[in-house]
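[1] predicted model and sequence follow; I will ask about them next.
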Amino acid sequence: MKTANKLHYGLLLAGSLLAAPATGFAADKPETVEMRITRLEKELAELKALMKQKPETSPATAQAPVAPLPAAAVPAGKPDAQGPLSVSLGGGVKAQLYGFARLDAAWESGQIYPGNIALWAQPYGMGRNDGEWNLTAGASRLGFNLSGPDTEKLRLSGTIEIDFTGGGAENNQNPRMRHAYLKAFWPASDFSIIAGQTWDLVGSLIPFTDDPAIMWDAGNIGGRHPQLRLTRGFKTGEKGRIELAVAASRTIGEKDIVSVTDTGRDADMPTIQGRIALSGPVIVEDKPATIAVSGHYGQEEWDTDTGNTHKTLDSWSCNVELSLPLSRKLLFAGEYFTGENLDEFYGGIGQGVNTGSNAKAITNIWNIRSHGGWAALKYFASPSTTFSIGAGIDDPNDSDLVDYP
């Protein structure tokens, strides 16, 4: 480029020298050689600048906004039917809408309690062995996932989710709150705080069933409660992780007969839940297995008369859970539980406290003990198709029960 520039400069200088007599002859003031060299240098600089510029990237073209294509001319891409709808709420907060509509239909040879969902089969007698069928859209779901505002050290998130199994007429069912919580997570220390209603720490696995009751009162315990939860994770080895979690949750008791107060709210303490989990690859390298131990302890205060005389009954459980990938397509999972007064956590087949046969006064009450669990296999035939088989059992202690009519 330097040789070419010198050549251009030489040619222009030679031409100007040859034309100097004519120019000077016609001008009122003859142009000196120094003046012409200065002018030619300026023209050469302008010429070089023009040569470097491309027509399509000229300043006028580069700054002009590109008009959008008409809607009909825009290539139509493959629609993302499963993509969530994301909305910015300002202040760094985003919300993603999700949900689905579903219809559940079932025919039963005898009555299932409560109907629409299956908790347990009603005992024979009083017309309960009469077949029936259920048809409902109550398990349709709607929710928001919230995120932000985040900082370099802190990530904020939350979820609000409802379905329509809160009672009411079958064609006008009431909404039911499933989740409503906020979560603060510090990635550097693997520590999080959850405040609101979400899943219990007790029996955290969910059986592979399509029934919205997820085998409650049939071997699977643990539901959702308002709670304040702390969780801390620790790395073990290259791919292992230990998780410790503790929560204080709302105790949801029963209505005692004397003062008609909630026995859980009347207690002097919230329910304490805890869970220790170990995760890491066992059989399949990139699919970690998880083994965990969880439990809870709470109290219920039962008033025995109107003079504030009461009896405090404990509620507790001890649980073991296992999730074990047997291959890339086959998963085994199961839980075992034992405890007392477990109706709040869907154990004991809905029975927690035996108030005796006296329906008007509480003279002697006691806890109902229970144990049970569930186990299942799940086969992933494709990303959208799975097959599952399993069973569960909930076995209350017979000596703690009163005969059911």
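    Perfect, I can see it now.
[2] same for the longest helix along the chain, what does it pack against?
    When the chain is parsed with DSSP state H, its longest helix is helix 33-52. Judged by 3 or more Cβ pairs under 8 Å, 6 or more residues apart in numbering; DSSP states H and E, the packing partners of helix 33-52 are helix 2-18. (C-beta placed from N, C-alpha, C; glycine too.)
[3] ok, and for stretch 328-341, which residues are buried?
    Going by neighbour count (16 or more other Cβ atoms under 10 Å), the buried part of stretch 328-341 is Leu331, Phe332, Ala333, Gly334, Glu335, Tyr336, Phe337, Thr338, Gly339, Glu340, Asn341.
[4] and the fifth one, bridged to which residues?
    Beta-bridge partners of Glu335, counted by DSSP bridges, are Glu321, Trp374.
[5] ok, now how distant is it from Ser323?
    10 Å (Cβ to Cβ, to the nearest Å).
[6] returning to that earlier point: in strands, which of the buried residues of stretch 328-341 appear?
    Leu331, Phe332, Ala333, Gly334, Glu335, Tyr336, Phe337, Thr338, Gly339, Glu340 (DSSP state E).
[7] which members of the residues you listed are the farthest-apart pair?
    Leu331 and Glu340 (31.5 Å; Cβ to Cβ).
[8] so after the helix or strand Ala245 falls within, what's the next helix or strand?
    In this assignment (DSSP states H and E), Ala245 forms part of strand 240-249. Sequence-wise, the next helix or strand downstream of strand 240-249 (DSSP H and E) is strand 271-281.
[9] the inter-axis angle of that following strand versus strand 240-249?
    170 degrees (axes from the mean of the first three to the mean of the last three Cα atoms, to 10 degrees).
[10] what angle separates the next helix or strand along the chain from strand 271-281 from strand 330-340?
    Note on strand 271-281: by DSSP H and E, the next helix or strand toward the C-terminus is strand 288-303. On the basis of the same axes, to 10 degrees, strand 288-303 is oriented at 20 degrees to strand 330-340.
[11] and strand 288-303, how far from the chain's centre?
    Averaging C-alpha positions (Cα atoms, centre = their mean, to the nearest Å) puts strand 288-303 22 Å from its chain's average.
[12] just for the stretch 251-400 of the chain, where's the confidence low?
    255-260, 306, 357-363 (pLDDT under 70).
[13] and for the stretch 1-150 of the chain?
    In the stretch 1-150 of the chain (pLDDT under 70), the answer is 1-34, 49-84, 127.
[14] which residues in it form strands?
    Assigned by DSSP state E, counting those that start in this stretch, the stretch 1-150 of the chain shows strands spanning 85-90, 93-100, 104-108, 112-115, 117-121, 132-136, 141-147.
[15] for stretch 119-135, which positions count as buried?
    In stretch 119-135, counting by 16+ other Cβ under 10 Å, buried: Leu119, Gln122, Asn134.
[16] neighbouring contacts of it?
    For stretch 119-135, the surrounding residues in contact (Cβ atoms under 8 Å, 6 or more residues apart in numbering) are 103-113, 115-116, 170, 213, 216-218, 346, 349-350, 404-405.
[17] stretch 234-244 too?
    With Cβ under 8 Å, 6+ apart, stretch 234-244 has contacts from Asp190, Thr231, Arg232, Gly233, Arg275, Ile276, Ala277, Leu278, Ser279, Gly280, Pro281, Pro288.
[18] which residue packs closest to the first one, ignoring adjacent ones?
    Just to be clear, that refers to Asp190. Closest residue to Asp190 apart from its sequence neighbours, by Cβ to Cβ, 6 or more residues apart in numbering: Gly233 at 3.7 Å.
[19] doesn't Trp186 make contact with that neighbour?
    No - in this structure, Gly233 is not within contact of Trp186 by Cβ atoms under 8 Å, at 10.6 Å.
[20] how about the closest residue to Thr271 other than its chain neighbours, what does it touch?
    Excluding its sequence neighbours, the residue lying closest to Thr271 (Cβ to Cβ, 6+ apart) is Gly298, at 3.3 Å. When contacts are counted by Cβ under 8 Å, 6+ apart, Gly298 touches Thr251, Gly264, Ala267, Met269, Pro270, Thr271, Ile272, Asp314, Ser315, Trp316, Glu344.
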